[in-house]
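# Take a look and give me a structure for this.
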Amino acid sequence: PPRSTLFPYTTLFRSNADFFAVAVTSFGLGVVAAPWVVDDLVDFFYQPWPLALTHIFTLGWITAAMMGVMYRYVPALTKGVVRFPRLASLQLWLFIIGAAGMVTHFAIGRWIATWLAAGVVVLSVALFALNMLPCLIPSWRRGVAETGMSAAIFFLLIAAVLGLLLALDKTFGFLGGSVITNLAGHAHLAALGWVSLTICAVSYRMVPAFLLPGVELPRAATWQLYGLAAAVAGLGLALLGGMGGAPIWSVAVMVALLAYIVVLGALVRNRRMPIDWTMRHALAGVVHLVLSAGLGLSLAWIDAGTALGNGVAGAYGVLGLLGWVTNFIVGMSYQLFPGFIAGLRVTLGWPRLSIAELSLLRFRPFVFFSLNVGVVLLAAALIAADVLLARLGAIIIATDRKSTRLNSSHER
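Got it, this is the predicted structure:
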């Protein structure tokens, strides 16, 4: 076809790769900054620098990576067409401006600028939903990945709007309830509703493709997604509405996550392919998920405002964001990113490179061990309120930054 008709899709594919570049850059900034922020994190998690660091990881690293994957994966999965491919580039720049503005103004404590930046992020998320949902909704209930990702995008929209409201409340003071419970509601809608639901849904399609199990994905996988979505919605309402019942909904979330582990375990046990570094990261992520879920459940009875509760909340976040989610993204990037970049080079008319040529293998064992040892050490140190040990754990995590960036730069 003429180049003019390909232009919107070339823009879409470049935006897809640019989201990955934003994600890896944010991850590098986050792990480099973490050793200098652990003092505040050990003291109390609700402070300017810990809030800034958290959003570097949740927005800059995790959300950017997931958006990049979905822009390429969703149209291929659903056989649909992105309605507004030119909006992908605008959405990317709005996301960068909004996320950078939020992180910067969290760090310096300027709330008016923070909620202005949060409004830009909400607009970016709305444009993302505008491109993704028309592809996903017609396939609702027809495929497990489509079902989970559709629900996850709605949670992303809710979490983004709630984050904007929380920032506005610091200026205008119109929200009721406790600051900590409101913050917890926002965090759980984002981390469980958007991130974890997406990971569960996508892994149900990708893990069988990588392992070629001798059994089919059970129908229970779809019900696990429904159960997780319902439990997260209930937990969010309990925390935000002050209606009580948060411990019950926390148990429901944990049961749904354990069901995910059971389904995934059956696929791994019946595999026909060997366990590679992608699956090692996925399995390590599952271990962190179990630990994180246990700590999250304990927060239903431990006051996060106490010294112990602060340490448990910090460890809960570290195990969830850096242990569970980051392991999954890093592992899947080994399989997905070289293929994405190879396809982009073909679309742009650049010289072809094979996936093998774009894959850098020698750093993968180091990335795996430094990430997982550092996460466990950092989480344990936060519970023990040991600043020196926490800084050591953060430094160990940071040592895999160079290897991760080398892999990504090589692919790019």
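
# Let me know the helix or strand that the nearest residue to Pro35 once chain neighbours are set aside is in.
Spatial nearest neighbour of Pro35, excluding adjacent residues (CB to CB, 6 or more residues apart in numbering): Ala394 at 4.2 Å. Where you see a C-beta, it was placed from the backbone N, CA and C, and this is true even at glycine. Using DSSP states H and E, Ala394 sits in helix 387-411.

# surely Ser145 meets Cys200?
For residue 145 the amino acid is Ala, not Ser. No. Counting by CB atoms under 8 Å, no contact exists between Ala145 and Cys200, whose distance comes to 9.4 Å.

# So these two - more neighbours on which side?
Cys200 (27 against 23; other CB atoms under 10 Å).

# in which helix or strand would I find the more buried one?
Per DSSP H and E, Cys200 falls inside helix 197-211.

# Give me the helices and strands touching that helix, please.
On a contact count with 3 or more CB pairs under 8 Å, 6 or more residues apart in numbering; DSSP states H and E, helix 197-211 meets helix 64-78, helix 144-172, helix 220-241, helix 246-269, helix 277-298, helix 326-348.

# Out of these, which is closest to Leu308?
Set against Leu308 and scored by CB to CB, the helices and strands packed on helix 197-211 come closest in helix 277-298, at 9.6 Å.

# hmm, who's touching that closest one?
Here helix 277-298 makes contact (CB atoms under 8 Å, 6 or more residues apart in numbering) with 203, 207, 210-211, 250-251, 253-254, 257-258, 261, 264, 268, 275, 312, 315-316, 319-320, 322-328, 330-332, 334-335, 364-365, 368, 372, 375, 379.

# rerun at 6 Å
250, 254, 257, 261, 312, 315-316, 319-320, 323-324, 327-328, 330-331, 334-335, 364, 368, 372 (CB atoms under 6 Å, 6 or more residues apart in numbering).

# Narrow those to those that are buried.
Taking 16 or more other CB atoms under 10 Å as the criterion, what is buried in the contacts of helix 277-298 is 250, 254, 257, 312, 315-316, 319-320, 323-324, 327-328, 330-331, 334-335, 364, 368, 372.

# ok so, going back, reformat the helices and strands packed on helix 197-211 as CSV; add distance to Val37.
As requested, these are exported to CSV (distance: least, CB to CB, whole Å):
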stretch, distance to Val37
helix 64-78, 20
helix 144-172, 20
helix 220-241, 25
helix 246-269, 27
helix 277-298, 20
helix 326-348, 17
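
# Can you list the low-confidence ranges for the stretch 1-150 of the chain?
Applying pLDDT under 70 to the stretch 1-150 of the chain picks out residues 1-15.

# I'd like to know how far the nearest residue to Pro48 once chain neighbours are set aside sits from Leu29.
Closest residue to Pro48 apart from its sequence neighbours, by CB to CB, 6+ apart: Gly109 at 4.8 Å. In this view, Gly109 and Leu29 are 19 Å apart by CB to CB, to the nearest Å.

# out of the two, which sits in the busier spot?
The neighbour comparison of Gly109 against Leu29 (other CB under 10 Å) goes to Leu29, with 17 against 14.

# Who are the contact partners of the residue nearest to the spatial centre of the chain?
Centroid check for the chain by CA atoms, centre = their mean gives Ile62 as the closest residue, at 3.6 Å. Neighbouring residues of Ile62 by CB under 6 Å, 6+ apart: Val195, Val325.

# do that again at 8 Å, thanks
Ala23, Val195, Leu321, Val325, Thr326, Ile329.

# Can you pull out the low-pLDDT segments for the stretch 201-350 of the chain?
In the stretch 201-350 of the chain (pLDDT under 70), no residue qualifies.

# can we see that at 90?
For the stretch 201-350 of the chain, the stretches flagged by pLDDT under 90 are 209-210, 212, 214-216, 219, 241-246, 272, 299-307, 332-350.

# Arg141 against Thr147, yeah?
Yes. Contact between Arg141 and Thr147 holds when scored by CB under 8 Å: they sit 5.7 Å apart.

# which of the two has more neighbours?
Thr147 (22 against 10).

# Could you check how far the more buried one is from Pro213?
To Pro213, Thr147 is 20 Å away according to CB to CB.

# Please apply the same query to Ala21.
Distance of Ala21 to Pro213, given as CB to CB: 33 Å.

# Which residue of the two possesses the greater neighbour count?
Taking neighbours as other CB under 10 Å, Ala21 and Pro213 compare with Pro213 leading, 18 against 15.

# List the residues that contact that one.
So Pro213 contacts Ala266, Leu267, Val268, Asn270, Arg271, Arg272 (CB under 8 Å, 6+ apart).

# try it again with 7 Å
Leu267, Asn270, Arg271, Arg272 (CB atoms under 7 Å, 6 or more residues apart in numbering).

# swap in Ala159?
His186, Leu189, Ala190, Gly193, Trp194.

# Go through those and flag which are in helices.
Among these, the ones falling in helices (DSSP state H) are His186.
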